[in-house]
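In: Starting from these lines, generate the structure:
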Amino acid sequence: MKTSTVLLIMLVVMHILTLLNILLFDGNLNDLVFYFNSAICFAAIAYYLWKPSKDNANKSG
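Out: As a prediction, the model looks like this:
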C-alpha cells in the first residue's frame, strides 16, 4: 500500500475517534482519545520513516 494511503487512513481514524467522543460521549473520554490519537500519530511517523528505508533496501538488493 502507498505511504500516502496509510497516512490518510490513520488521519481519518484519528478524526473519527475525536468525532465519536464529541458526539456520543459528550467529550467525557478526552484523555483516552488523546492517548489513542497520540499512539496513532507515533505509528504514522514510524511508518513514514520505516517505509522509505524498506523501499531502498528492496531496490539495492
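In: So what's the residue count around V33?
Out: As a burial measure, V33 scores 19 neighbours (other C-beta atoms under 10 Å). The way it works is simple: take the backbone N, C-alpha and C, and place the C-beta from them, glycine included.
In: do the same with A44
Out: Neighbours around A44, by other C-beta under 10 Å: 19.
In: Quick one: name whatever helix or strand follows the helix or strand hosting L19.
Out: Taking DSSP states H and E as the definition, L19 sits inside helix 3-24. Using DSSP H and E, the helix or strand that follows helix 3-24 in sequence is helix 30-60.
In: which residues make contact with the helix holding L19 from outside it?
Out: For helix 3-24, contacts defined as C-beta atoms under 8 Å, 6 or more residues apart in numbering pick out 27-30, 32-33, 36-37, 40-41, 43-44, 47-48, 51-52.
In: ok, now stretch 43-61?
Out: Residues from elsewhere that reach stretch 43-61, judged by C-beta under 8 Å, 6+ apart: T3, V6, L7, M10, L11.
In: Using neighbour counts, pick out the buried residues of it.
Out: For stretch 43-61, the neighbour count (16 or more other C-beta atoms under 10 Å) marks A44 as buried.
In: just stretch 11-19 next, same as before
Out: Result for stretch 11-19 [16+ other C-beta under 10 Å]: buried residues M14, L17, T18.
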